[in-house]
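1. take this sequence and fold it.
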Amino acid sequence: MKRFWIFCASLVFCVAATTVSAQDDGFVSIFNGKDLTGWSGDPRLWTVEDGAIVGTTDADAKKITQNTSLFYTEDQNIGDFAIKFDYKITKGGNSGLYYRGWFLDGPENWRMGGYQGDFDGNKNYAGIMYGEALRGILANLGTVSRVDKDGKIREVARFATPEEIRANVKLEDWNSYEIVAQGYVFVHKINGKVTSVFVDEDSDKVRRPSGVLGWQLHVGPPMRVEVKNIYLKKL
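-> Numbers count the residues shown, from 1 in each chain. Next comes the predicted model:
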């Protein structure tokens, strides 16, 4: 029972924290809106246009054969935090924000693993918690899920249907995304509504206490993703 109330208190804190506006004390911009200073990725794929970071792939010169990232270079050991950003993605595209991430082949190859606030151009995964090289889908839309020390993923509560979550997400238009990582409780929100909650109670050899932030470009059809108004607050 004690652990249950500790979990509830942590969850309430995280949900409340995501309502804080980007102008409140403690939030700082980590993108200058002009160029990729402070960020590193494949220069073929990433640029800045009209105040937004833009990632593009195609079937020719910008074709990719594995997932790649644009990662934040200024602090590569971010633990507890809240982040707010706006994103737009073309239909069929797949992207997300890696956090508490690590490099799979070294930073020079831009491949990352880690927790991920997922979003896509078909609204299938927008708002889920995904683990890149970290167990796959960790929390589906509208669920509170947890991983026990035995490594099993369990859905412990449902607060909305996937259809209700998707109805709040805009296709090929700007959406506001919020993530709070507090201890090992993680909350994702899109356009002001919670989309998924995840609690990682796996062993300390598996779960991640801190790491790198990075935007993902996923293998698949040609796509374009844009992100802007990126504000980070360390907790």
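2. what lies in contact with stretch 191-199?
-> Among residues not part of stretch 191-199, those counted as contacts by Cβ atoms under 8 Å, 6 or more residues apart in numbering are 7, 10-11, 14-15, 18, 115, 126-129, 138-147, 156, 159-160, 165, 168-170, 175-176, 184-189. Glycine gets a C-beta too; all of them are placed from N, C-alpha and C.
3. try 6 Å
-> The set of residues that contact stretch 191-199 without belonging to it, under Cβ atoms under 6 Å, 6 or more residues apart in numbering, is 127-129, 138-139, 141, 144-146, 165, 168, 175-176, 185-188.
4. show the average pLDDT along that stretch.
-> Averaging the model's pLDDT scores along stretch 191-199 yields 98.
5. buried ones in that stretch, by neighbour count?
-> Judged by neighbour count (16 or more other Cβ atoms under 10 Å), stretch 191-199 contains these buried residues: 193-199.
6. now for these: which two are most distant?
-> Lys193 and Val199 (19.3 Å; Cβ to Cβ).
7. and the longest strand seen in the chain, what's buried?
-> Taking residue count as the measure and DSSP state E as the definition, the longest strand of the chain comes out as strand 223-234. Judged by neighbour count (16+ other Cβ under 10 Å), strand 223-234 contains these buried residues: 223-233.
8. so where's this protein uncertain?
-> Low-confidence regions of the chain, defined by pLDDT under 70, span residues 1-24.
9. the closest residue to Ser210 other than its chain neighbours: neighbour count?
-> Counting by Cβ to Cβ, 6 or more residues apart in numbering, Ser210 lies nearest to Gly79, which is 3.7 Å off, once chain neighbours are set aside. Residues lying near Gly79 (other Cβ atoms under 10 Å) number 15.
10. one more: the one 5 residues further on?
-> Here the number of neighbours of Lys84 (other Cβ under 10 Å) works out to 20.
11. confirm it sits in a strand?
-> Yes - counting by DSSP: H, G, I helix; E, B strand; the rest coil, Lys84 is part of a strand.
12. now the longest strand of the chain: how far from the chain's centre is it?
-> Mean-position distance between strand 223-234 and its chain equals 10 Å (Cα atoms, centre = their mean, to the nearest Å).
13. elements contacting that strand?
-> strand 52-57, strand 81-89 (3 or more Cβ pairs under 6 Å, 6 or more residues apart in numbering; DSSP states H and E).
14. possible to save these as TSV with distance to Lys63?
-> Compiled in TSV, these are given as follows (distance: least, Cβ to Cβ, whole Å):
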stretch	distance to Lys63
strand 52-57	7
strand 81-89	18
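15. Val28: which of the ones you listed is closest?
-> Checked against Cβ to Cβ, the stretch from the helices and strands packed on strand 223-234 lying closest is strand 81-89, at 10.5 Å.
16. that closest one pairs with which strands, parallel or anti?
-> Paired strands of strand 81-89, with direction, are strand 175-182 (antiparallel), strand 223-234 (antiparallel) (DSSP bridges).
17. please, which helix or strand holds the residue nearest in space to the middle of the chain?
-> Residue closest to the average C-alpha location in the chain (Cα atoms, centre = their mean): Gly117, at 2.4 Å. Using DSSP states H and E, the secondary-structure element containing Gly117 is strand 112-120.
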